[in-house]
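In: Structure of the sequence below:
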Amino acid sequence: MTPEGASAPVSSPLAVLADVSPSHSTLGVYVHVPFCTRRCEYCSFNTAPVDDRHVVSRYLTALGREIELLGAAPWARTAAVETVFLGGGTPSLLEVGQMEAVLGALRRAFTVDADAEVTVECNPESVTRAKLAGYREAGVNRISLGVQSLDDAILPAIGRLHTAAEARAAFEAARAAGFSNVSVDLIYGLPALTAESWRATVDGVLAWEPEHVSAYGLTLDPGSIWGSSGVNGLPGEDAVIGHYWTMAERARAHGYEHYEVSNYARPAARSRHNQIYWRRREYLACGPGAAGFLADVRYTNVKPVARYTQLLEDGRLPLDTWERLTPHQVLAESLILALRTADGIDSTRLDTRAANDPALARRLAAWRNEGLLIDDGPRSRLTESGFLISDSLFVDLL
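Out: Below is the predicted model:
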């Protein structure tokens, strides 16, 4: 990785990205909103509590400047934006006028498709029908609702500020505001989470009939509170496996497609933005700590909000680290990302690599024998059992 190189003057606004051009005709855009009312114990994202509205205002001004600088690139008008995703943090802390300003800046800097998918992550306690209606009027057409659990004994223990009833009310508010594309986020493997509690959460959320559900197994990353201090009461491995199968089986019974390791969708309701990641397509990064991918370059912005805003106030892009991927990295990424999805990978492509890598050929044969990998017509894909242990399988592909 290369250390911070974005301290380029305004005369060269793209710094390391100056000589990079998108490989595709469309791009995604990820916008990071780094503010939360409270940091959840399991969260390792680049977030901080909101304690000064001036900081938020300064961030939004800097964000607009970053979008403007990226839009000045020679390639900026040659690739249309097909998806926008505002993540965090808690993007739903933004007022309607602030959301309008962010999306307006993107439309001025880039050609945004008329039918672009525009998603905002929302916490239940930070939205109302009126706010969501304002978001929709501003151009948001998909809501990702961070529910995590419907167990009122678990929610405060993990740092959530809503109850199960308030989560349901937020979902209904999204529907009342006119949103026909709503995703719900859940977490399994949480401390004190029983099989009965998890099944009640899954069945409760599926009864709402959202278009999309993401269900993530708890991970204790070093950047989280629990990752640093530890936590008691975690369920055992067998229990967590049971949580996974409950989600997969109940979602299937309700007509959802398990189209990626952690994601389920109704027909034609897959997340278009997340598919950009899994198909190894390109996306721009905006906001502190955001990560982007353009041509063969992966890059991240500086994380501290103060540093991010200062760089942009000085007329410089806030790049922190970047790397040009090697052919081996490109191949490994392509295989791993494709195998995360139900679409899998072209069998011929997989077998071609295996023919030049006897160790990989043996591993693939073992996966097939164990029922983890199947050949489905011209595609090779992981089974449900393969999805379950995919992280350990992918180590063999690096």
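In: Can you classify the nearest residue to Glu211 once chain neighbours are set aside as helix, strand or coil?
Out: Using C-beta to C-beta, 6 or more residues apart in numbering and skipping residues adjacent in sequence, the residue nearest Glu211 is Ala269, 3.9 Å away. Where C-beta positions appear, they are placed from N, C-alpha and C, glycine not excepted. The three-state label given to Ala269 by DSSP: H, G, I helix; E, B strand; the rest coil is coil.
In: Spell out, range by range, the strands that occur in the stretch 101-250 of the chain.
Out: Counting by DSSP state E, counting those that start in this stretch, the segments of the stretch 101-250 of the chain that form strands are 112-122, 142-148, 182-188, 212-217.
In: what angle separates the longest one from strand 212-217?
Out: Angle, strand 112-122 to strand 212-217, by axes from the mean of the first three to the mean of the last three C-alpha atoms, to 10 degrees: 50 degrees.
In: Now do the contacts for the closest residue to Thr348 other than its chain neighbours.
Out: Nearest non-adjacent residue to Thr348, counting by C-beta to C-beta, 6+ apart: Pro378, 7.4 Å away. Pro378 is in contact with Asp346, Ser347, Thr348, counting by C-beta atoms under 8 Å, 6 or more residues apart in numbering.
In: what about Pro378, distance to Leu234?
Out: 41 Å (C-beta to C-beta, to the nearest Å).
In: cool, and Gly315?
Out: With distances taken as C-beta to C-beta, Gly315 is found 47 Å from Leu234.
In: Between the two, tell me which one has more neighbours.
Out: More neighbours surround Leu234 than the other of Gly315 and Leu234, with 17 against 13 (other C-beta atoms under 10 Å).
In: How about the contacts made by that one?
Out: Gly189, Pro191, Leu218.
In: try 10 Å this time
Out: With contact set as C-beta atoms under 10 Å, 6 or more residues apart in numbering, Leu234 has these partners: Gly189, Leu190, Pro191, Ala192, Leu193, Leu218, Leu220, Trp226, Val240.
In: Could you tell me which of these count as buried?
Out: The neighbour count (16 or more other C-beta atoms under 10 Å) marks Gly189, Leu190, Pro191, Leu193, Leu218, Leu220, Trp226, Val240 as buried among the contacts of Leu234.
In: Highest mean neighbour count out of the strands of the stretch 101-250 of the chain?
Out: Highest mean neighbour count of the strands of the stretch 101-250 of the chain: strand 142-148, a mean of 26 (counted as mean count of other C-beta atoms under 10 Å).
In: Keeping just the C-alphas, turn that one into PDB.
Out: The C-alpha atoms that make up strand 142-148 are tabulated as PDB, following Å, rounded to 0.1, in the frame of the first residue of the first chain:
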ATOM      1  CA  ARG A 142     -34.400   2.300  -1.600                       C
ATOM      2  CA  ILE A 143     -34.200   2.200   2.200                       C
ATOM      3  CA  SER A 144     -31.900  -0.100   4.200                       C
ATOM      4  CA  LEU A 145     -33.300  -0.400   7.700                       C
ATOM      5  CA  GLY A 146     -30.900  -1.400  10.500                       C
ATOM      6  CA  VAL A 147     -33.100  -3.500  12.700                       C
ATOM      7  CA  GLN A 148     -30.600  -6.200  13.800                       C
END
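In: which strands and helices sit next to it?
Out: If you count contacts as 3 or more C-beta pairs under 10 Å, 6 or more residues apart in numbering; DSSP states H and E, strand 142-148 packs onto strand 80-88, strand 112-122, helix 129-138, helix 164-176, strand 182-188, helix 195-208, strand 212-217, helix 272-278.
In: could you give the angle of it to strand 212-217?
Out: Interaxial angle of strand 142-148 relative to strand 212-217 (the same axes, to 10 degrees): 30 degrees.
In: Would you give the sheet partners of strand 142-148, along with the direction of each?
Out: Sheet pairing of strand 142-148 (DSSP bridges) gives strand 112-122 (parallel), strand 182-188 (parallel).
In: what about the stretch 201-350 of the chain, any weak spots by pLDDT?
Out: Within the stretch 201-350 of the chain, not a single segment meets pLDDT under 70.
In: can you pull out the helices in it?
Out: Counting by DSSP state H, counting those that start in this stretch, one finds helices in the stretch 201-350 of the chain at the ranges 225-229, 237-253, 272-278, 305-313, 327-339, 347-355.
In: quick one on the thing from earlier: mind checking the backbone torsions on the residue nearest to Thr348?
Out: phi -80, psi 0 (degrees, to the nearest 10).
In: ok, it to Asp351 distance?
Out: Distance of Pro378 to Asp351, given as C-beta to C-beta: 11 Å.
In: Same question for Gly217.
Out: With distances taken as C-beta to C-beta, Gly217 is found 31 Å from Asp351.
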